[in-house]
Structures are given as C-alpha cells and as structure tokens.
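Novice: Would you be able to build a 3D model of this:
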Amino acid sequence: MPTAKRTGPHASGRDCGPGYNRLAVIGSTVKQEEAPSIRFLNAEWRWLAMLNYEINPALVQPYLPAGTEIDFFEGKTYVSLVGFMFLGTKVMGIPVPFHRNFEEVNLRFYVRRQSEEGWRRGVVFIKEIVPRWAIAWLARTRYNENYVSLPMRHQIAGEQCRYDWRVNRRWNHLEVLRTGEPASAIPGSQQEFITEHYWGYSATPDGNTIEYHVEHEPWRIWHVQQSSAHVSVADLYGSEFVQPLSAEPTSAFLAEGSPVTVHRGRQLR
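Specialist: Numbers count the residues shown, from 1 in each chain. Take a look at the predicted model:
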C-alpha cells in the first residue's frame, strides 16, 4: 500500500505515524480511499513547557472519542498541562492580521486508534486556552475542540519560560526553568511518549470522531530544574481534576518546538 513521507521515528510496528492516505471504514470490510490531505494550518510551535501528571484513567474516559483508546505509558495514564507559543500562523496559506503570534495553554491526554496500517498515536484535548476569540471560534467550528478565549501573556527570557492566563479576575500561571542544552528524546522514554503523538482526535455532538494529522519533526528537549503552576482547576476543568492536578507533576520539561502543519480533519464513522 503506498504511503506518503513519514514524519517522526515510528516507521513500522506498533506505532503508525503520520502520512498514510488510505483508511478502512471503521466497522466495515469495505475500503475507502481518503481524499488528498489538505493543509489547514501552518505555524511554528515554540517553547513548549510541559507538566505531566499521572491520573486515574476513569477521569479521562468521558472525554475519549469513539474508536480510540487510552494510550498508556508503562501501564500508567498521563495528562499534560502544556503552554507554548503559536508563531507565524497561516490558515489555508493565508496570514490573518493580528492573529499570527499568540500563546496557548492546554490540558491533554494520550490516545491511540487502530487503523488499517496499525496504531495511530494521538492526543485529546480536555480544554485549550488562547487569547483571541476568533481563534477559539475557528477551532471549535472546524475541529469541535473545547477552546476558550481568556486574557494571556508570556515571559521567555534566559532560563525562564512562563505562561499566564486570567480566570475570573485571577491570574493563573505555568512556569519552567530550563537547564543545559536541548537534546533528542531518548527512545522509549516518557519524553518521547509525551512529545511524539502525531494525530489529534475530538468527539462530535452526534457521537462520531474527528481525526486530524499534525506533522512536525521530533523535538529536542531541555531538562527542567524547577517548575511551578497555579491553576484554577475547578473553574477550568471541573472539581474531579482538582486532586490530581494539585499534586506535584511526575515530570516536567521544555520542548524546543518546530514548524508544524495541521491537516484538515475528517470525520470517522
């Protein structure tokens, strides 16, 4: 079966990465050829501060889109609080004035889906925060993602990388202090697991699933010597997340980032 050029290290076996263009219709023996992938969004994702928390899988089960399952790392379920910069953003190749450079903070967990070619490893977003309502509206409309618009700011200087957002007149923050030089993630490590999911999944109101391909090169990673977060967890994510997100993260690191391409989503039936 022909494939397009792969991005990322998982070329065969358990992990099926981006680039395939033929899929089997779920629940059917009839094959369907997918339309040529359309590049919906191009940008750079930079300075990705990631705080990772072990969580009871039952807490994310209600967010699991049909046809996907939780992707465990060493038998454990993780959510990540991620802050990063969107830079040079273009939608369908067109730069949108005043919407090219902005912050995003999201809470996400990790899933996989069995396709005809093997496992596709992806992420599901519990909530995503951006500073401009037009960006949030577009993401909700196009991908049915749970985006909200809140006042945001950032500070990246020296070893510090910090993202702030305001909820109910209170400033929240996510901050890491990096150390050393960035390096490629060690194969099989938690860093590789967290950063190398190349698909996005979201549930539609009618119970179907949207799948979209996120294309980027593997990221280099900085170790973090110190991290902190102050988050209005109950207001943003619900009271059930207060306890796990109030604990110390099991790991924290800073990814250098890269240019990315988000392809137009398609609905799985």
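
Novice: which secondary structure element contains T141?
Specialist: Here T141, judged by DSSP states H and E, is contained in helix 133-143.

Novice: average pLDDT for that helix?
Specialist: Helix 133-143 shows an average pLDDT of 67 in the prediction.

Novice: other SSEs contacting the next helix or strand after it?
Specialist: Using DSSP H and E, the next helix or strand after helix 133-143 towards the C-terminus is strand 147-149. Secondary-structure packing of strand 147-149 (3 or more CB pairs under 8 Å, 6 or more residues apart in numbering; DSSP states H and E): strand 118-130, helix 133-143. Yep, even glycine has a C-beta here, placed from its N, CA and C like the rest.

Novice: in its sheet, what does the first one sit against?
Specialist: In other words, strand 118-130. Listed by DSSP bridges, the sheet partners of strand 118-130 and their directions read strand 15-16 (parallel), strand 102-115 (antiparallel), strand 147-149 (parallel), strand 199-203 (parallel).

Novice: Which residues does N52 form beta bridges with?
Specialist: N52 forms beta bridges with S80, S251, as assigned by DSSP bridges.

Novice: That one against A247, yeah?
Specialist: No. Taking CB atoms under 8 Å as the contact criterion, N52 and A247 are not neighbours in contact, 11.3 Å apart.

Novice: out of those two, which sits in the more crowded spot?
Specialist: N52 (20 against 10; other CB atoms under 10 Å).

Novice: Helix or strand with the lowest mean pLDDT in this protein?
Specialist: Among the secondary structure pieces of the chain, namely its helices and strands, strand 22-24 has the lowest mean (mean pLDDT, DSSP states H and E), a mean of 28.

Novice: any idea how far Y53 is from V79?
Specialist: 5 Å (CB to CB, to the nearest Å).

Novice: pLDDT weak spots in this structure?
Specialist: 1-37, 92-94, 97-98, 133, 135-140, 142-144 (pLDDT under 70).

Novice: mind listing the helices for it?
Specialist: Read by DSSP state H, the chain holds these helices, from start to end of the chain: 57-60, 133-143, 190-195, 233-237, 242-246.

Novice: So which elements touch the shortest one?
Specialist: Meaning helix 57-60. Other helices and strands packing on helix 57-60, by 3+ CB pairs under 8 Å, 6+ apart, are strand 77-91.

Novice: what packs against the strand it packs on?
Specialist: For strand 77-91, the helices and strands in contact under the criterion 3+ CB pairs under 8 Å, 6+ apart are strand 39-55, helix 57-60, strand 102-115, strand 152-157, strand 160-167, helix 190-195, helix 242-246, strand 251-263.

Novice: how far does the longest one sit from the chain's center?
Specialist: The offset between the C-alpha centroid of strand 39-55 and the centroid of the whole chain comes to 5 Å, using CA atoms, centre = their mean, to the nearest Å.

Novice: Next, the buried residues of that strand.
Specialist: Within strand 39-55, the residues scored as buried using 16 or more other CB atoms under 10 Å are 40-53, 55.

Novice: Equivalent analysis for the fourth one, please.
Specialist: Residues of strand 152-157 classed as buried: M152, H154 (neighbour count, 16+ other CB under 10 Å).

Novice: Report the strands that pair with that strand, each with its relative direction.
Specialist: Strand 152-157 has its sheet partners listed here by DSSP bridges as strand 160-167 (antiparallel).

Novice: any residues in contact with both of V79 and Y53?
Specialist: P244, L245 (CB atoms under 8 Å, 6 or more residues apart in numbering).

Novice: Distance check, the nearest residue to N101 once chain neighbours are set aside against H154.
Specialist: Leaving aside its chain neighbours, N101 sits nearest to L87 (5.2 Å; criterion: CB to CB, 6 or more residues apart in numbering). L87 sits at a distance of 11 Å from H154 (criterion: CB to CB).

Novice: surely M152 meets V130?
Specialist: Yes. Taking contacts as CB under 8 Å, M152 lies within contact range of V130: 7.2 Å.

Novice: Give the residues shared as contacts by the two.
Specialist: Any residue near both M152 and V130 by CB under 8 Å, 6+ apart counts here, and that gives F102, E103.

Novice: With the flanking residues excluded, which residue is spatially nearest to P244?
Specialist: The spatial neighbour of P244 that comes closest, neighbours along the chain excluded (CB to CB, 6+ apart), is I55 at 4.8 Å.
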